[in-house]
Structures are given as C-alpha cells and as structure tokens.
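**Q** Return atomic coordinates for the entry below.
(one chain, ligands or ions: 1)
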Amino acid sequence: MSGPVPIVDAAHPFARDSDELNPPDIIMRSADRVDFFAHKQMLAFSSNCFANMFAFPAPTVDDANPTRAGLTVVVVPEPAVALRVLLLMSYPRFSATYIVDSFDGVAEAYAAAKKYDIPAAITHIPKLLLEPVLLAREPYRVFAIAHILQLEDIAKAAAAETLKHPILGPAAHVPEYALISAHQLWQLHAFRREVADVLKGIVELFVRPCLAENLVIYDDAFTPERAHLTLVWWSPMGPRGKHAVGCGASLLAVPEDFPEVLVVPAPWFSEHIDRVMQRVSSLYTPFETNVDHVAEFLGQITPEIITATSKCPLCTAKAATDLKELADGFRVVAKGSIEHVLQKTTFITL
Ligand SMILES: [Zn+2]
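**A** Okay, here's the model as predicted:
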C-alpha cells in the first residue's frame, strides 16, 4: 500500500535555507505537496489577497493551518510548477534569482494570479510570453497558452513566429496542447496555409507575363508590388535593352487576335524562379512560410544563373544587385501581406 505523497522542499530560491540573511517566515504548500519557503511581507506586498490573509492572526483552534518547523503552512490548490512561477513574480525581478525562464506552469500561474489578485504577475506574464528569446524558441507553446489565457495579441504574435518553423509543427511536446481544442489548433494551420498561399502568389507575380505598357509607365504607378518591373530581366531583349542576343524580356507569343501585348522576363530569370519554387515547396507544405528563407533563395546568384548570363554583359553586371533588390522587395511586400492576414484573423473566440 502506498502512503500519502511525501512532502518535498522546493528548489532554490524557495528552499528552506535559500536566504540565510532573511529566513523565511511562511511555507506555501502546493497541491502536489512541495513546500516553498517564502516571506510574508513579499507576498503581502504583491498580493492583495495574501495581504488580507496575513492581516489576521493565524487561527489556533482545530481548523488551524498546519505548521512545520514553527512556520505556518498555507496549502494552495495550484501545482508546484505554477506556484513557483507565481512566487517568482511576487519577488523583485531586478535580481536574476527571480527570473522566470520557462513556460512551465505559466498558464496556471496566470489564473492563480487573478485569483490571488497579484497585479504584477497579471501584467508580467503577457510580457514574458512575448519575450523574444522564449517566443522564438517555443511559439507553439505561446500560441496554446495565449488561447488558455484568452489573449488575442499574444496568439497573433505566436502565430506569426510559427511561420519561421517547419509546417509539421513542434518537434518537442507542447503540454498546453492538452488544454486547447482541435479547432483552435486548426486555426493556426489555416493561418499558416493562407500565408503560404500569399507568399507563393507574390513569387509567382515576379514572372507573370506583364502588359508591355506597364513596363513603360511603371514610373507613374510605382508600388512595391510592381517595383520588380524595373529590374534587369524585364528590360527588353536585343540592342534596345542592351542585352545579348537571346537574353532580356521578350514578347509572349499569343494568338493574333489577342488584344494585349504581353512581355515575359529574361529566360534565365524564369528558370531561377522555377528553381526557387521547387526549393520552397514540398509534399508537406504548399510553400515555405519563412519569409527570410524565400528571400534568401530569391536573392542568391546561383551557378546556374552565372552560366546562363555569362554571354550577356548587362546581366553579368546587374544580376547580383538586382536579385538582391528583388529579395529585399519581397521581404517588404511579404511582411506587409502577412501583417494583413494577421489583422483579419481572429484566433481567440469567446
Ligand atoms: Zn541579359
């Protein structure tokens, strides 16, 4: 037969002898029987609820709190992992000792902070979730925690951060997935899929046949989306565009009765975009969602490009700088488009 779960002491900074200069005067016992050695004054300062509790003398009759080593024990229903976060946030954070450096217990701590009326923790936990290093490391966890906490801005920031990760999702277990619904997780996948389609659309735009007149009047309608039409692969084929024979933009062969004159970019550029499309798509993802990866591939002057442009002095001179310009332009347009998708998406529904 197994007896009651044994009581264990919390780790530093809430161990029994963590602070020899200021010995603890209260024990906070978690639901899973971990004793945290703390200081009434700190808890009373951070929590209106604890301030009220400590304002009354401890009961001395049958219903008295348990004591241990002469200290009153306050038993709380939170697990140790959450109580630790709650206590860390009740102590001054200018000391590295009291920094919360993991998301373990954060969701429960937020609920407890509301229950015990700990304003510092209520304002600090959302900031912790957006802390760049932690967010970059575990965006899926932050997304799940944001759902539990019902914080839309944080869900959005986390969803945006997941775009930098492979679409198959987190390699490590996300404990908070147990607490959110399949629908909530599906929303994240739907968002990622939409972003993938948007980014794919932007790259496809770079090789879409263009109206000849647009190449001439781009100065009048200069937008980030059309800026690429100024780049070297869109300047006309032949002597007028100063390309070598067979290089440069050319007229698209269309039926004779087709009303518009369409132009396609230099062949080497279309082939470059084909290769980029192959690199950033796979069986598992319709398109890469990491803007920087796509931009990197777009801006790369590859051996294939060097070979294909070797006979054209104009492209040899300009391809590298113009591809870099294309990549930079892609970053701007892509980030704006992702921002737009985020703005019209609502993750948290009550
Ligand atoms: Zn050329």
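
**Q** Excluding its own residues, what touches stretch 321-334? List them.
**A** Outside stretch 321-334, the residues that touch it by Cβ atoms under 8 Å, 6 or more residues apart in numbering are 198-199, 202-203, 206, 224-225, 227-228, 231-233, 272, 291-292, 294-296, 298-301, 305. In short, each C-beta sits where N, CA and C put it, glycine included.

**Q** same thing but at 7 Å, please
**A** 199, 202, 206, 224-225, 227-228, 231-232, 291, 294-295, 298-299, 301 (Cβ atoms under 7 Å, 6 or more residues apart in numbering).

**Q** so of those, which ones are in helices?
**A** 199, 202, 291, 294-295, 298-299 (DSSP state H).

**Q** a markdown table for the residues you listed, including neighbour count?
**A** Formatted as a markdown table, the entries for those read as follows, by neighbours: other Cβ atoms under 10 Å:
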| residue | neighbour count |
| --- | --- |
| 199 | 24 |
| 202 | 20 |
| 291 | 21 |
| 294 | 24 |
| 295 | 20 |
| 298 | 22 |
| 299 | 20 |
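
**Q** quick one: which of the residues you listed is nearest to residue 12?
**A** Taking Cβ to Cβ as the measure, residue 12 sits nearest to residue 291 out of those, at 41.7 Å.

**Q** show me the contacts for the closest one.
**A** Taking Cβ under 7 Å, 6+ apart, we find residue 291 in contact with 199, 331, 334-335.

**Q** With residue 24 as the reference, measure out to it.
**A** Using Cβ to Cβ, to the nearest Å, one obtains 50 Å as the distance from residue 291 to residue 24.

**Q** Residue 326 belongs to a strand, doesn't it?
**A** No. Following the definition DSSP: H, G, I helix; E, B strand; the rest coil, residue 326 is helix and is not counted among the residues of a strand.

**Q** Could I get the full set of helices for this structure?
**A** Along the chain, counting by DSSP H, helices occupy 40-46, 48-55, 80-90, 106-115, 119-129, 132-137, 139-149, 152-162, 182-205, 212-217, 267-280, 291-299, 303-308, 313-344.

**Q** re the thing from before, so for the contacts of stretch 321-334, which is the shakiest by pLDDT?
**A** Lowest pLDDT within the contacts of stretch 321-334 is found at residue 224 (66).

**Q** didn't residue 281 look like it was pressed against residue 289?
**A** No. With contacts counted by Cβ atoms under 7 Å, residue 281 stays clear of residue 289, the gap being 11.2 Å.

**Q** Which one of those two is surrounded by more residues?
**A** Set side by side, residue 281 and residue 289 show unequal neighbour counts under other Cβ atoms under 10 Å, the larger going to residue 289 at 28 against 14.

**Q** residue contacts, the more buried one?
**A** In this structure, residue 289 makes contact with 163, 167, 192, 195-196, 199, judged by Cβ under 7 Å, 6+ apart.

**Q** Of the residues you listed, which is the nearest to the ion?
**A** Proximity of the contacts of residue 289 to the ion was ranked by Cβ to the ion; the top entry is residue 199 with 27.2 Å.

**Q** Just confirm that closest one contacts residue 293, I think it does.
**A** No. No contact is recorded between residue 199 and residue 293 when judged using Cβ under 7 Å, the distance being 10.1 Å.

**Q** How many residues are close by residue 311?
**A** 13.

**Q** how near is it to residue 237?
**A** Taking Cβ to Cβ as the criterion, residue 311 is separated from residue 237 by 13 Å.

**Q** want to throw the contacts of residue 289 into CSV with distance to the ion?
**A** Converted to CSV, the contacts of residue 289 look like this (distance: Cβ to the ion, whole Å):
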residue, distance to the ion
163, 34
167, 36
192, 37
195, 33
196, 32
199, 27
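
**Q** By pLDDT, give me the weakest of those residues.
**A** In terms of pLDDT, residue 167 ranks lowest among the contacts of residue 289, with 75.

**Q** neighbours of that residue, just the number please.
**A** As a burial measure, residue 167 scores 18 neighbours (other Cβ under 10 Å).

**Q** same thing with residue 44?
**A** 18.

**Q** do residue 148 as well
**A** Each residue near residue 148 was counted by other Cβ under 10 Å, and the total is 16.

**Q** dump the residue contacts of it.
**A** Contacts were defined as Cβ under 7 Å, 6+ apart; by that measure residue 148 touches 107, 176, 179-180.

**Q** Tell me how far residue 210 lies from residue 347.
**A** The spacing between residue 210 and residue 347, counted by Cβ to Cβ, is 37 Å.

**Q** now residue 297
**A** Between residue 297 and residue 347 the distance is 30 Å, computed by Cβ to Cβ.

**Q** thought residue 33 was touching residue 10?
**A** No. Taking Cβ under 7 Å as the definition, residue 33 is not a contact partner of residue 10, at 10.8 Å.

**Q** quick one: which of the two has more around it?
**A** With other Cβ under 10 Å as the criterion, residue 33 and residue 10 differ in neighbour count, and residue 10 comes out ahead with 22 against 13.

**Q** Please report phi then psi for the closest residue to residue 163 other than its chain neighbours.
**A** Distances taken as Cβ to Cβ, 6 or more residues apart in numbering put residue 289 closest to residue 163, at 4.1 Å, once the chain neighbours are dropped. Reported as degrees, to the nearest 10, the phi and psi values for residue 289 are phi -110, psi 0.
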